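[1] Just a sequence and a predicted model for now, questions to come.
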Amino acid sequence: MKRKSQASRLGVLALALTLVTTCLTGGTMAKYVTEVTGNATAAVAAWSFKVNNEETTMTNIDLGSTANRTAYVTDDIKEGVIAPGTSGSFDIVIDGSGSEVGVDYKLNIAAADGTTLPSDLTFTTDNASSGTQASYTLNNELTGTIDYADGATAMKKTITVKWTWDFGDSDTKDSNDNSYADKDWTLNITATGTQAEPTAQNP
């Protein structure tokens, strides 16, 4: 009986120690915990690039049309064609409006495969730095930048290309433009727009 009483006491003591240990452990592990969540958001800049109001393939430019050729006396030359002694111009409108970034552009004009042009057919284009016309050699790139700006027309750049087919007063039967008569010429015009790289402001 005495032995059972001692066993009971030992059991009660063990339970008490367990409770004390649990309380002490719980006290040392207690802490405040707060979790805050959120999101990172970004509005991606819009991009738009058009040439002569087209996004992929622009309408053909006819050098002989009344819009692109100087008017001449109809007794001298038929409408809709070009010949030695004629000249004209056409516009290439590079349009970045709608973009929310600056635009670097490249423009190239080249004779298509199978097209041979006379050496006295010359071209000039806008000089971006001086605002004047400068000689242009086919298959050379014209480059420039359209800065980002608000407004529907603020990001448009018009490049005027002028052409002249000189009239050779001194041409002979051995050096003339007869071989170009009644031919169809094609010029390939390629314009490429690329986002201008952002520049960090100085602190």
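    Received it, and whenever you're ready, just let me know what you need.
[2] How far does stretch 149-165 sit from its chain's centre?
    Mean-position distance between stretch 149-165 and its chain equals 15 Å (C-alpha atoms, centre = their mean, to the nearest Å).
[3] and what of stretch 116-134?
    With C-alpha atoms, centre = their mean, you get 24 Å for stretch 116-134.
[4] Stretch 177-188 - what's its average pLDDT?
    For stretch 177-188, mean pLDDT is 87.
[5] measure it end to end?
    One end of stretch 177-188 sits 22 Å from the other (C-alpha to C-alpha, to the nearest Å).
[6] May I see the buried residues of that stretch?
    Buried positions in stretch 177-188, judged by neighbour count with 16 or more other C-beta atoms under 10 Å: 177, 180, 185, 187. C-betas here are computed from N, CA, C, even on glycine.
[7] Contacts for that stretch, please.
    Residues from elsewhere that reach stretch 177-188 (C-beta atoms under 8 Å, 6 or more residues apart in numbering): 61, 63, 84, 108-112, 114-118, 120, 138, 165, 168, 171.
[8] How far off centre is it?
    33 Å.
[9] Equivalent analysis for stretch 97-110, please.
    A distance of 4 Å separates the centroid of the chain from that of stretch 97-110, by C-alpha atoms, centre = their mean.
[10] ok, back up a step: give the buried subset of the contacts of stretch 177-188 as a PyMOL selection command.
    This is how PyMOL selects the buried members of the contacts of stretch 177-188, with burial counted by 16+ other C-beta under 10 Å:
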select buried, resi 61+63+84+109+117+165
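[11] returning to that earlier point: report the two of the buried residues of stretch 177-188 separated the most.
    Asp177 and Leu187 (17.3 Å; C-beta to C-beta).
[12] just the strands in the chain please.
    Ranges of strands in the chain, per DSSP state E, are 50-51, 87-95, 103-111, 121-126, 133-136, 141-146, 156-165, 187-195.
[13] Only C-alpha atoms, please: export the fourth one in CSV.
    Right, strand 121-126. The C-alpha trace of strand 121-126 is given here as CSV (Å, rounded to 0.1, in the frame of the first residue of the first chain):
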residue,chain,number,x,y,z
LEU,A,121,19.4,60.5,-112.3
THR,A,122,20.3,62.1,-108.9
PHE,A,123,18.6,62.3,-105.6
THR,A,124,18.7,64.6,-102.6
THR,A,125,17.1,64.3,-99.2
ASP,A,126,16.5,66.3,-96.1
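[14] residues in contact with that strand?
    109, 132-138, 142, 159-166.
[15] Likewise for the shortest one?
    Defining contact as C-beta under 8 Å, 6+ apart, one finds that strand 50-51 is touched by 58, 92-95, 191.
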